[in-house]
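Chemist: Give me a 3D structure for the following:
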Amino acid sequence: MSTQKDNSQIIRSKRLLQHALIELLQEKPFKKITIADIALKAGYSRTTFYAHFNYKEDILNEYIDELIERILYDSFGEISTFPPSREEQFKMTERLVDHWEENAESFKSLHTAGLENLVTNKFKEKLKQLNLEKISPILYLTSEPNLVDYFYVFSSGLLVGILQFWISNDMVTPKEEIALILSFFDTPEFYLFLQKKDL
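Modeler: Numbers count the residues shown, from 1 in each chain. This is a model prediction of the structure:
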């Protein structure tokens with residue numbers, strides 16, 4: 001029982017430190033944020049900070065890793081057919097847009113702080129991880145490896161770029177239209193091309 005309580009406290013402390021950093025990114029650039037700033041914002045001492053993290057970069061990387069992984073696995077983790085049908089593809093992009101909207105403040109803070117490239121790179125890493133589990137048993141047997149790598153670069157840059165542009169413009173475009181735009185680019189035909197099959 002004590003172990004469970006300790007683990008819950010660790011998770012809670014790390015979450016508060018993460019959210020403190022995200023809030024601070026709305027106030028000043030990442031380079032100017034100190035560990036003391038983060039600890040104070042979270043209501044902790046520097047000692048508590050160092051009990052969980054060594055550097056402020058550790059908080060940032062862990063937060064983005066967890067956020068992107070959760071979004072991707074919930075959006076694309078239930079592919080029932082490969083390549084996905086147009087209907088399934090649209091549903092997946094709808095879920096992705098929903099998640100981006102739910103986490104708009106975090107993504108806006110990261111965008112304002114000039115950390116968009118980090119978000120894109122993390123997205124690419126997690127997308128590759130997801131695909132290795134869900135797609136690559138089929139994809140890698142029938143594709144040239146470099147084409148699959150282009151898929152990761154293309155998809156991550158396209159999806160993050162459009163979604164971050166949407167967020168930075170206060171989401172004035174209806175999210176249904178954003179999902180439709182994304183589904184135009186990420187189509188079953190694109191997967192068939194990667195598999196070197198006739199369209």
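Chemist: Surely Gly157 touches Asn121?
Modeler: No. Between Gly157 and Asn121 no contact is recorded; they are 9.9 Å apart, counting by CB atoms under 8 Å. All C-beta spots, glycine's among them, are computed from the backbone N, C-alpha and C.
Chemist: can I see the domain layout of the protein?
Modeler: 1-54, 56-194 (automatic domain parsing).
Chemist: All the helices of the protein, in order from the start?
Modeler: Counting by DSSP state H, one finds helices in the chain at the ranges 2-24, 35-42, 46-52, 56-76, 86-102, 104-112, 116-134, 136-142, 145-168, 175-185, 188-194.
Chemist: Quick test: name the residue nearest the centre of this protein.
Modeler: Ile68 (2.3 Å; CA atoms, centre = their mean).
Chemist: how about Arg70, what does it touch?
Modeler: His99 (CB atoms under 8 Å, 6 or more residues apart in numbering).
Chemist: pLDDT score for it?
Modeler: With respect to pLDDT, Arg70 scores 93.
Chemist: Same check on Phe90?
Modeler: Confidence for Phe90, expressed as pLDDT, is 84.
Chemist: now swap in Ile138 and tell me
Modeler: pLDDT recorded at Ile138 is 49.
Chemist: pLDDT weak spots in the protein?
Modeler: Scanning the chain for pLDDT under 70 picks out the ranges 1-6, 79-84, 134-147, 186-199.
Chemist: same thing but 80
Modeler: Low-confidence segments of the chain (pLDDT under 80): 1-6, 77-86, 131-152, 184-199.
Chemist: hmm, back to that, return the most buried member of the domains of the chain.
Modeler: domain 56-194 (a mean of 16; mean count of other CB atoms under 10 Å).
Chemist: Would you pull up how far that one lies from the middle of the chain?
Modeler: Its chain's C-alpha centre and that of domain 56-194 lie 7 Å apart, by CA atoms, centre = their mean, to the nearest Å.
Chemist: cool, and stretch 44-54?
Modeler: 25 Å.
Chemist: Please enumerate residues in contact with that stretch?
Modeler: By CB under 8 Å, 6+ apart, stretch 44-54 touches Ile10, Ser13, Lys14, Leu16, Leu17, Ile35, Ala36, Ile38, Ala39, Ala42, Ile59, Glu62.
Chemist: The last one - nearest residue in space that isn't next to it in sequence?
Modeler: In this structure, Glu62 finds its nearest non-sequential neighbour in Gln18, 7.1 Å apart by CB to CB, 6 or more residues apart in numbering.
Chemist: measure the one you found to Phe49 for me?
Modeler: Shown here: Gln18 relative to Phe49, a distance of 11 Å by CB to CB, to the nearest Å.
Chemist: Also Leu127?
Modeler: 31 Å.
Chemist: repeat for Ser106
Modeler: 20 Å.
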